[in-house]
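In: Quick one, what's the 3D model for this:
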Amino acid sequence: MNRQAEEAKVLVFRHPEKEAPAVEEPTPAEREEPTAGLDEELSEFVDSLIDGRISVEKIRREAANLYAEVELLRRENRWNDILELCHPVEEKISHILHAGCEEPIVGIVVFALTQLKRFDEALGLALKMLSQKPDDFRLNAQVAYIAYANLQAARNREVLLTPENRRKLIDTAHKHLARCQELRPNGVTSFYRRGVLYKDLQGKPQKARPYFEQAVKNWRAYSEEERERHHQERKNYVKSLYNLALCLIEDEPARALSFIRACIEEDGRTGYLGAVHKYYTLGKVYRQMGSIDRAVQALERALVDADPAVHAHVYHLIALCYMDKNNPQKALEVLHPIPRKARKPYILRLMASAHVAMGAKDKGRSLLLQAAEADRKGRHKALLELARIEITCGEFRKALDYLEKAENFFREKYGNPYMDGLFWKAVVMIKLGDLKKAGEVLEELHRFNPRYPGLKKLMKVVSRKEVK
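Out: Residues are numbered from 1 along each chain as shown. The predicted structure is shown next:
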């Protein structure tokens, strides 16, 4: 063997003890699957992408087609059909979810759940989407709207809420509406809804005012091009004008007048708000300003579209205007079309006042007793009017009995003294000659409301008579 061959043999030789161990193939149980740790459904989706059974482009087309279908159903208010197609989303459109094409479809599902008053499901799904995009305006608005709609439904007695759940929903609505305002400070709807939340759902009109004012300001700051682009917000601009007028009636009626006039003008061609509501508010503003004839004119316009069984409050306000004009007969004529079943206690009290003004005190007493019996929240008002009738008749003991009943009811119902009742109780005590008791009653009234109209005058009368 030549030398080169020998050298080649040396180069390839390895001692048995120093050879590398053979590499064994892992068993199926030991082999780590690429999709380990994924749930079965997601794992199948990934595998389908890899082997070509589905493609992202195909899913996008399917999502687009499904969105078009549910959007058509939404326009036709076919909420159950939407849920039949897409809910629960994890089961019915899971592949679209995994591909990230679901947002517009899930948004419609959430809206359908809200329309069907399945608020807990809607809120859970909306919050899940929001957790992925916490700074998304539309998703924050969606969460706020669900809470807002749930509170509205509870106010209308369509669903029940515990006090704790109600508080949580109010906090949720405020939190996400505030976030919407931060994200779009020049918008209209989030400010409008925050105002309604304070005014109608929390009974805080003074806190609502700045939000309605900002909504109005923002719309008016839009250029024509911006108004066209945000045309869907115009409705909430008109409603903000209306609500702002309501908030201002008592404190700033002149400003309220400018806003309700603007509302009527802006809404002339759209009719977002019914004529009854707009002209009733206009009449209310005029009456607050002391323009009774103009108030009557506005309210008569409201009566054109009013149903006496539904809009008794409009008939009530115009009757009050006729009482202001010392025309109780006309007031009764206005109230007459209201069906007996729709004559709530406040209607009965006004009818009683009109009869008493015409000298028919027995008829007034009868109506007030009906009102007191029917009124679970305002019984004290009818009892006070009964007391005042007895005072005018010189029946001070009977009057005192009614006043004590009114006071007891109010304290039991609301936990506070009834200030109107205390004032008239002091008047009765003075007429009965019990100045000591009258003074005690007036002192109690003074503790709770030192500026009550006529209080200082009565206190002076009592103190002078006690000195004598």
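
In: Low-confidence stretches in this protein?
Out: Per-residue confidence for the chain (pLDDT under 70) gives these ranges: 1-59, 61-63, 90-103, 465-468.

In: Residue 188 and residue 231 touch, don't they?
Out: No: contact between residue 188 and residue 231 fails when scored by C-beta atoms under 8 Å: they sit 10.9 Å apart. C-beta: built from backbone N, CA, C; applies to glycine.

In: Looking only at neighbour counts, state which of the two leads.
Out: When residue 188 and residue 231 are compared on other C-beta atoms under 10 Å, the one with more neighbours turns out to be residue 188, at 25 against 9.

In: so what's that one closest to, chain neighbours aside?
Out: residue 233 (4.0 Å; C-beta to C-beta, 6 or more residues apart in numbering).

In: The one you found and residue 184, how far apart?
Out: 10 Å (C-beta to C-beta, to the nearest Å).

In: can you tell me which residues contact residue 389?
Out: Contact partners of residue 389, counting by C-beta atoms under 8 Å, 6 or more residues apart in numbering, are 356, 361, 364-365, 368.

In: Pull the most distant pair out of those.
Out: 361 and 368 (10.1 Å; C-beta to C-beta).

In: Tell me which of the two has more neighbours.
Out: For residue 361 versus residue 368, neighbours defined as other C-beta under 10 Å are more numerous around residue 368 (28 against 16).

In: can you pull out the helices in the stretch 351-468 of the chain?
Out: Counting by DSSP state H, counting those that start in this stretch, the stretch 351-468 of the chain has helices at residues 361-374, 379-392, 396-414, 419-432, 435-448, 455-467.

In: is it possible to export those helices to a markdown table including distance to residue 249?
Out: Compiled in a markdown table, the helices of the stretch 351-468 of the chain are given as follows (distance: least, C-beta to C-beta, whole Å):
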| stretch | distance to residue 249 |
| --- | --- |
| helix 361-374 | 25 |
| helix 379-392 | 21 |
| helix 396-414 | 24 |
| helix 419-432 | 21 |
| helix 435-448 | 25 |
| helix 455-467 | 26 |
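
In: so which of those gets nearest residue 352?
Out: With C-beta to C-beta as the criterion, residue 352 lies closest to helix 361-374 of those, at 3.9 Å.

In: which residues touch the closest residue to residue 174 other than its chain neighbours?
Out: Computed as C-beta to C-beta, 6+ apart, the closest residue to residue 174 that is not its neighbour in sequence is residue 197, at 6.7 Å. By C-beta under 8 Å, 6+ apart, residue 197 lies in contact with 148, 151, 170, 173-174, 177, 208.

In: For residue 197, which three-state class applies?
Out: Classification of residue 197 into helix, strand or coil gives helix, according to DSSP: H, G, I helix; E, B strand; the rest coil.

In: list the helices and strands the one helix or strand residue 108 maps to packs on?
Out: Residue 108 is located in helix 103-115, with elements delineated by DSSP states H and E. Helix 103-115 sits against helix 56-75, helix 79-86, helix 89-92, helix 119-132, helix 137-155, with contacts defined as 3 or more C-beta pairs under 8 Å, 6 or more residues apart in numbering; DSSP states H and E.

In: Please tabulate the contacts of residue 389 in a markdown table and include distance to residue 317 as additional columns.
Out: What follows is the contacts of residue 389, written out as a markdown table (distance: C-beta to C-beta, whole Å):
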| residue | distance to residue 317 |
| --- | --- |
| 356 | 20 |
| 361 | 25 |
| 364 | 20 |
| 365 | 25 |
| 368 | 20 |
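
In: just curious, which of these is nearest to residue 307?
Out: Closest approach to residue 307 among the contacts of residue 389 (C-beta to C-beta): residue 368, at 26.5 Å.

In: tell me the contacts of the closest one?
Out: In this structure, residue 368 makes contact with 348-349, 352, 382, 385-386, 389, judged by C-beta under 8 Å, 6+ apart.

In: change it to 6 Å
Out: If a contact means C-beta atoms under 6 Å, 6 or more residues apart in numbering, then residue 368 has 352, 382, 385-386 as its contacts.

In: Make a PyMOL selection of the buried ones in those.
Out: Selection of the buried residues among the contacts of residue 368 in PyMOL, burial being defined by 16 or more other C-beta atoms under 10 Å:
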select buried, resi 352+382+385+386
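
In: sorry, back to before: can you redo the contacts of residue 197 as TSV, where the extra columns are secondary structure and neighbour count?
Out: Listed next are these as TSV, based on DSSP: H, G, I helix; E, B strand; the rest coil; neighbours: other C-beta atoms under 10 Å:
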residue	secondary structure	neighbour count
148	helix	24
151	helix	24
170	helix	17
173	helix	24
174	helix	17
177	helix	26
208	helix	25
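
In: and of the helices of the stretch 351-468 of the chain, who's closest to residue 201?
Out: Comparing the helices of the stretch 351-468 of the chain by C-beta to C-beta, helix 396-414 comes nearest, at 20.8 Å.

In: buried set for that closest one?
Out: 396, 398-400, 402-403, 405-407, 409-410.

In: and the angle for it with helix 419-432?
Out: Here helix 396-414 runs at an angle of 160 degrees relative to helix 419-432 (axes from the mean of the first three to the mean of the last three C-alpha atoms, to 10 degrees).

In: follow-up on the earlier one: please identify which of residue 233 and residue 184 sits among more neighbours.
Out: residue 233 (22 against 17).

In: mind checking how far that one is from residue 370?
Out: As for residue 233, its distance to residue 370 is 47 Å (criterion: C-beta to C-beta).

In: before we move on, the earlier item: in three-state terms, label the residue nearest to residue 188 for me.
Out: For residue 233, the assignment made with three-state DSSP gives helix.

In: That one and residue 189 touch, don't they?
Out: Yes: because the distance of 5.4 Å satisfies C-beta atoms under 6 Å, residue 233 is recorded as touching residue 189.

In: what about residue 192, how many neighbours?
Out: Using other C-beta under 10 Å as the criterion, residue 192 is surrounded by 28 other residues.

In: Report how many residues lie close to the nearest residue to it once chain neighbours are set aside.
Out: Counting by C-beta to C-beta, 6+ apart, the nearest residue to residue 192 once its immediate chain neighbours are dropped is residue 236, at 4.0 Å. By other C-beta under 10 Å, 23 other residues sit near residue 236.

In: Now for residue 236: which residues touch it?
Out: For residue 236, the contacting residues are 188-189, 192, taking C-beta under 6 Å, 6+ apart as the criterion.

In: any idea which of those residues is closest to residue 256?
Out: Nearest to residue 256, judged by C-beta to C-beta, of the contacts of residue 236 is residue 192 at 17.4 Å.

In: Which strand or helix spans the closest one?
Out: If you go by DSSP H and E, residue 192 is part of helix 189-196.

In: For that helix, C-alpha coordinates in PDB please.
Out: Output in PDB follows, covering the C-alpha atoms of helix 189-196 (Å, rounded to 0.1, in the frame of the first residue of the first chain):
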ATOM      1  CA  THR A 189     -72.900  63.200  21.300                       C
ATOM      2  CA  SER A 190     -70.700  62.300  24.300                       C
ATOM      3  CA  PHE A 191     -71.400  65.700  25.900                       C
ATOM      4  CA  TYR A 192     -75.100  65.400  25.200                       C
ATOM      5  CA  ARG A 193     -75.300  61.900  26.800                       C
ATOM      6  CA  ARG A 194     -73.300  63.000  29.800                       C
ATOM      7  CA  GLY A 195     -75.900  65.800  30.300                       C
ATOM      8  CA  VAL A 196     -78.800  63.400  30.000                       C
END
